[in-house]
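In: sequence unknown, structure follows:
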């Protein structure tokens, strides 16, 4: 594999986040991460870097995900209010969603509460976990996992799996 074939730092970071979150199982609330330059963290905060297990020989461009305490706040509210310090190079969001087969929404109740319950009970639903990452420069990456497909090689990768989430995350830098 040539160096050009290596996944970039953002792709590595969001895959690492998904692997970490996967260890906690399904049915989790949204989780938000700041992405800091690992080299910067090693230089600026050596004690913190040692506490969270950052190795001095990490790849030069690597990113360290730092989970943010969102205290159960709705992610929609949080994303419009959050601002990041200059030391944050990017951010990532983990969300679980229900995906219904094409045409299913035509039978969905109009009431939001009833619709959510209806979707959770739908026999053909799929549960998915998406991790979307955005850098200050606008670079984006995302991964998606379908419940029941837990193997490492079953992770779906794509730059724009969730453009609306990417847009919301990018707004936190402006």
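Out: Right, received. Where do you want to start? Predicted, not measured: the structure shown is a model, and the values here were computed from it. Residues are numbered from 1 along each chain as shown.

In: for the closest residue to residue 101 other than its chain neighbours, what are its contacts?
Out: Counting by CB to CB, 6 or more residues apart in numbering, residue 101 lies nearest to residue 124, which is 4.8 Å off, once chain neighbours are set aside. Heads up, the C-betas are built off the backbone N, CA and C, glycines and all. By CB atoms under 8 Å, 6 or more residues apart in numbering, residue 124 lies in contact with 100-101, 104.

In: so can I have CSV of those showing pLDDT?
Out: What follows is the contacts of residue 124, written out as CSV (pLDDT from 0 to 100):
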residue, pLDDT
100, 82
101, 80
104, 81
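
In: how many neighbours does residue 73 have?
Out: Neighbour count for residue 73, taken as other CB atoms under 10 Å: 14.

In: dump the residue contacts of residue 17.
Out: Shown in contact with residue 17 (CB under 8 Å, 6+ apart): 31, 33, 65, 92, 94, 131, 133.

In: meant to ask about residue 11, not that
Out: By CB under 8 Å, 6+ apart, the contact list for residue 11 reads 141, 157.

In: let's see 10 Å
Out: Residue 11 sits next to 63, 133, 139, 141-143, 157, 159 when contact means CB atoms under 10 Å, 6 or more residues apart in numbering.

In: likewise residue 101?
Out: By CB under 10 Å, 6+ apart, the contact list for residue 101 reads 122-126.

In: returning to what we had before: got a quick ChimeraX command for the buried subset of the contacts of residue 11?
Out: Remark: buried members of these, expressed as a ChimeraX selection using 16 or more other CB atoms under 10 Å:
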select :63,133,139,141,142,143
